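Peer 1: missing the sequence, but the structure's below:
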């Protein structure tokens, strides 16, 4: 009888842990605070009106990205799976910051950095990677 009770308690404990933890090694969407490490880069994308081609008249949009050294996965947001679906093989994350912050972080382009903030899924034409990071801080990875 004790063995059955222990098995049930172990199962319930594992189920409770599983429901709160993303799949092993995956990052979580907002409100979880995440850290990503990689090379800070600036990339230019086609912007309005069609988000297709700068050569065909779309305005250029430059964005700060972190190019990750190893692909990461992001677990589905159970509360909003349409906006924040599970993502695998993420190799670059667009950074979302206040306009003044671009001036602060632009000199770090080309360097190894750790960006801290909250992740969300792309949902407009201005979002150029499947997962984006609302930046809280960007620091040099080599102190």
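Peer 2: That came through, no problem. Keep in mind that what you see is a predicted model, and the values were worked out from it rather than measured.

Peer 1: So which residues make contact with stretch 102-118?
Peer 2: Residues from elsewhere that reach stretch 102-118 (C-beta atoms under 8 Å, 6 or more residues apart in numbering): 29-42, 64, 66, 93, 95-97, 133-142. All C-beta spots, glycine's among them, are computed from the backbone N, C-alpha and C.

Peer 1: ok, 7 Å please
Peer 2: Residues lying outside stretch 102-118 but in contact with it, judged by C-beta atoms under 7 Å, 6 or more residues apart in numbering, are 30-33, 35-37, 39-42, 64, 66, 95, 133-142.

Peer 1: Residue 112 pairs with what?
Peer 2: Following DSSP bridges, residue 112 is listed with bridge partners residue 39.

Peer 1: burial of it, as a residue count?
Peer 2: Look at residue 112: counted by other C-beta atoms under 10 Å, it has 14 neighbours.
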